[in-house]
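Visitor: Got a sequence here, can you model it:
(one chain, ligands or ions: 2)
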Amino acid sequence: MNVHDSEKVIGTLLSQGYLQVEEPEDAGLVLYNTCSIRDKAEQKVFNRLQNFKREAGKGKVFGVLGCVAQQEGEKIFDRAPHVSLVCGSASYPRFGEMLVQLEAGSRRVTGLNLETDETFDTPFTRRDNPHRAYITIIEGCDKSCAYCVVPFTRGPERSRTSESVMAEARGLAERGYTEIQLLGQNVNSYRDPSPAGWDFAALLARVAEIPGIRRVRYTTSHPRDFVKRIVDAMDANPVLCDHVHLPVQSGSSRVLAAMDRLYTRDEYMRRIEWLKNAGRRYSLTTDIIVGFPGETEQDFQQTLDLLDEVQYDSLFSFKYSPRPNTAALAMEDRVPEEEKQRRLLTLQEKQRAIQIRRNAEWIGRIQEVMVEGRNQALGQWIGRTSDNRTLNFSHPGSNGDSLVGRYLPVRVTRSGPNSLVGESVSVV
Ligand code: 5AD
Ligand code: SF4
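Guide: Ligands and ions are numbered 1, 2, ... in the order given. Reported below is the predicted structural model:
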């Protein structure tokens, strides 16, 4: 989400006549886009700003964007007086105007209002990748997960119109993009604000029908809003990739209730069953937090047990970290740091064993990859499968021509915990 926000901000800058430079030292305007989802994000930002303080005298202008900007607000001016712009993501639609204020010499420009129904739709996005494009379909979040800072930093949920999403997707296809990744804090609660009134499943189906688009992914889902119609839409069109990221956070219904996740373990498992019984094989990935306040050894065992039951293809795991403004901040029964660390490692070790087994199941099979790059050191191309695995492969006939952006069939010959290795095969 942040990477794509930066693409839109950079596009806005370019459209107003700015040029991009390689090094911050060469820039007249330095903007930090920041994340505050975990850890001591605020401190890291202030440290980075501190490193640049002496540059301020040379006429450089500094700005802080994103969630740390929203969270710390005008306090940033006090702690880092050389900063001239503090702007959260909900104010990006006004970013162009703020640049004009900066250019006019204003040194305390803010964009901190969260009460908005606007989304940041811009024709100027400067995309990093010429083949795969992100499209934001919904911004903000109306859930109130007890650990999560996002509703406080990105504001309330607001969906873009289906017309504007479709126009952006069609434009991308016309410019040669073949993969689209739909983005939102909770894409499943997408609701077209225009009279067409599409829900997420309808939008997915339509984006996947755009001529030239070969792969459509989406992130991220909330299990409560992940309805069966989404699985049906995916089953109906293989352009919708063979992968679902469905963050569970914990395997214990007791902890899920404390987190205010709005589903029980059984309700989550029902969604997993839809996917396991679906028309084709979907890879399943998730996010897990260990050490949420009050998480007992028994609760943690239930999370381990969930990994056995679901057999995820990959997961992101995090130690709970207290965030400002959140409900969990006031909860007692903190899990000690060493215990969080132990649980994290135990979880990761278990998942590693599962991944070794699951990846090995692919040996001998042929999978289509989209080529993402080249690993010179290994003499291999880097590919990604529809089900979101990295499949590195050799391609003897490529004569030094770049294969990046192409779709090729590859036979899997080896597997590791995090990726597959193979060789390209010619289609008969
Ligand atoms: N502590 C730890 N992990 C968190 N996440 C969100 N907030 C926190 C927090 N306070 C994790 C969740 C979420 C992912 C994006 O980050 O697992 O799904
Ligand atoms: Fe945070 Fe929960 Fe919203 Fe996801 S659904 S962004 S975890 S509050």
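Visitor: who's in contact with stretch 28-47?
Guide: Applying C-beta atoms under 8 Å, 6 or more residues apart in numbering, the set of residues contacting stretch 28-47 from outside is 2, 5-6, 9, 13, 18, 24, 48-49, 52, 55, 59-69, 71-72, 79-80, 85, 102, 148-150, 153, 318, 321, 323. Any C-beta I mention is one placed from the backbone N, CA and C, and that applies to glycine too.
Visitor: no no, stretch 351-360
Guide: Counting contacts by C-beta under 8 Å, 6+ apart, the residues touching stretch 351-360 from outside are 307-308, 311-315, 317, 389, 415-420.
Visitor: now do 6 Å
Guide: Contact with stretch 351-360 is made by 307, 311, 313, 315, 415, 417, as judged by C-beta atoms under 6 Å, 6 or more residues apart in numbering.
Visitor: Packing partners of the helix or strand where the first one lies?
Guide: Read it as residue 307. Assigned by DSSP states H and E, residue 307 belongs to helix 297-310. Under the contact criterion of 3 or more C-beta pairs under 6 Å, 6 or more residues apart in numbering; DSSP states H and E, helix 297-310 touches helix 337-360.
Visitor: C-terminal to the helix it packs on, what's the next element?
Guide: Past helix 337-360, further along toward the C-terminus, the next helix or strand under DSSP H and E is strand 366-375.
Visitor: hmm, who's touching the lowest-mean-pLDDT helix or strand in the chain?
Guide: Within the chain, confidence by mean pLDDT, DSSP states H and E is lowest for helix 53-56 among all helices and strands, at a mean of 72. Taking C-beta under 6 Å, 6+ apart as the criterion, the residues outside helix 53-56 that touch it are residue 82.
Visitor: Quick one: mean pLDDT over the next helix-or-strand element following it.
Guide: Sequence-wise, the next helix or strand beyond helix 53-56 is strand 61-66, with elements assigned using DSSP H and E. Mean pLDDT, computed over strand 61-66, is 96.
Visitor: and if you look at stretch 151-169?
Guide: Stretch 151-169 shows an average pLDDT of 97 in the prediction.
Visitor: what's the answer for stretch 238-246, then?
Guide: Averaged over stretch 238-246, pLDDT sits at 98.
Visitor: Quick one: end-to-end distance for it.
Guide: End-to-end span of stretch 238-246 (C-alpha to C-alpha, to the nearest Å): 19 Å.
Visitor: does any bit of it sit next to ligand 1?
Guide: No: using C-beta under 6 Å from any ligand atom, stretch 238-246 stays clear of ligand 1, with a minimum separation of 9.2 Å.
Visitor: Report whether that stretch contacts ligand 2.
Guide: No: using C-beta under 6 Å from any ligand atom, stretch 238-246 stays clear of ligand 2, with a minimum separation of 11.8 Å.
Visitor: buried stuff in that stretch?
Guide: Taking 16 or more other C-beta atoms under 10 Å as the basis for neighbour counts, the residues of stretch 238-246 that come out buried are 239, 240, 241, 242, 243, 244, 245, 246.
Visitor: just these now: which is nearest ligand 1?
Guide: Using C-beta to the nearest ligand atom, residue 245 is the member of those that lies nearest ligand 1, at 9.2 Å.
Visitor: Run through the bridge partners of the closest one.
Guide: residue 285 (DSSP bridges).
Visitor: Could you verify my assumption that it touches residue 218?
Guide: No: in terms of C-beta atoms under 6 Å, residue 245 does not count as a neighbour of residue 218; the distance is 8.4 Å.
Visitor: just checking: which of the contacts of stretch 28-47 also lie near ligand 1?
Guide: Restricting the contacts of stretch 28-47 to contacts with ligand 1 (C-beta under 6 Å from any ligand atom) yields 148, 318, 321, 323.
Visitor: Of the contacts of stretch 28-47, just the buried ones, ChimeraX syntax please.
Guide: The following ChimeraX command selects only the buried members of those, with burial defined by 16+ other C-beta under 10 Å:
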select :5,6,9,13,24,49,52,60,61,62,63,64,65,66,67,68,69,71,72,80,85,102,148,149,150,153,318,321,323
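Visitor: In CSV, list the C-alpha atoms belonging to the least confident helix or strand of the chain.
Guide: Extracted as CSV, the C-alpha positions of helix 53-56 are listed here (Å, rounded to 0.1, in the frame of the first residue of the first chain):
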residue,chain,number,x,y,z
LYS,A,53,19.4,18.1,9.7
ARG,A,54,22.6,19.8,8.6
GLU,A,55,21.4,19.6,5.0
ALA,A,56,18.4,21.9,5.9
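Visitor: quick check, distance from that helix to the centre of its chain.
Guide: On the basis of C-alpha atoms, centre = their mean, to the nearest Å, helix 53-56 sits 33 Å off its chain's mean C-alpha point.
Visitor: Over to stretch 125-140?
Guide: Taking C-alpha atoms, centre = their mean, one finds stretch 125-140 lying 11 Å from the centre of the chain it belongs to.
Visitor: likewise stretch 276-285?
Guide: 21 Å.
Visitor: Pull up the distance across it, start to finish.
Guide: Across stretch 276-285, the straight-line distance between its terminal residues is 13 Å, by C-alpha to C-alpha.
Visitor: What lies in contact with that stretch?
Guide: Surrounding stretch 276-285, the residues in contact under the criterion C-beta under 6 Å, 6+ apart are 231, 235, 242-245, 275, 312-315, 387-388.
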